[in-house]
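>>> Generate coordinates for the sequence data below:
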Amino acid sequence: MSDAIPRFNHIALSVPAEALDASGREALLRFYGEVFGWTGMPGMDRDRELLVLRCHSNEQFVYIHASQTPMRCGTMEHFGMSVSAPDQLDAIYERAVKFREADAEVEILERKLDDFKAVKLHSFYVRYRLPVMIEVQCFEWAEGLGAQSLPD
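This is a model prediction of the structure:
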């Protein structure tokens with residue numbers, strides 16, 4: 001048995017079948033491609049049934065499937081993505097804002113900074129045609145601390 005730590009690799013979301021018709025899949029691919037750099041997973045795309053967004057790795061993806069009872073979420077249900085530097089977060093934020101200029105369906109909760117002393121958390125939320133938002137975060141750790149340390 002390996003002592004490797006398990007890691008998250010995907011999230012599965014259900015949407016109405018019409019959200020995955022040809023134009024719906026194309027819109028999702030365009031937004032998540034332009035803003036996050038995600039691509040469609042080859043061979044995992046079926047009209048009105050399925051779209052799998054590859055998140056820079058074959059082992060990290062968003063699995064979007066059609067359902068007669070699609071997922072429904074409130075305002076703050078989300079999953080998180082982490083970037084390693086504030087300028088990377090800013091670049092994603094700017095691409096989302098630019099996309100919103102052409103498509104009013106893009107929802108953005110403005111960029112903010114929370115200072116917890118041990119870590120400064122840069123973040124913003126974005127949603128486009130999916131039931132959950134994505135929180136994009138950057139952790140700016142205080143000197144001597146990091147992702148594996150436990151602050152006092």
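>>> Check which helix or strand A12 maps to.
Assessed by DSSP states H and E, A12 sits inside strand 10-15.
>>> go on, C138?
According to DSSP H and E, C138 maps onto strand 133-141.
>>> Sheet-wise, list the partners of that strand with their directions.
Counting by DSSP bridges, the strands paired with strand 133-141 are strand 78-83 (parallel), strand 119-127 (antiparallel).
>>> In the chain, where's the longest helix?
Using DSSP state H, we find that the single longest helix of the chain is helix 86-102.
>>> Give me the contact list for whatever helix or strand comes next after it.
With elements assigned by DSSP H and E, the helix or strand that comes after helix 86-102 is strand 107-115. Residues outside strand 107-115 that contact it (Cβ atoms under 8 Å, 6 or more residues apart in numbering): 89-90, 93, 96-97, 100, 120-128, 133. Quick note: C-beta positions are derived from backbone N, CA and C, even for glycine.
>>> In this structure D45 contacts T39, no?
No: under the criterion of Cβ atoms under 8 Å, D45 is not in contact with T39, lying 10.8 Å apart.
>>> Give the intersection of the neighbour lists for those two.
Taking Cβ under 8 Å, 6+ apart as the criterion, D45 and T39 do not both touch any residue.
>>> With adjacent residues omitted, what lies nearest to F99?
Leaving aside its chain neighbours, F99 sits nearest to V106 (5.4 Å; criterion: Cβ to Cβ, 6 or more residues apart in numbering).
>>> burial measure for the one you found, as a count.
V106 has 18 neighbouring residues, counting by other Cβ atoms under 10 Å.
>>> give me phi/psi at it?
Main-chain torsions, V106, degrees, to the nearest 10: phi -70, psi 120.
>>> Equivalent analysis for the one 10 residues further on, please.
Here the main-chain torsion angles of F116 (degrees, to the nearest 10) amount to phi -100, psi 20.
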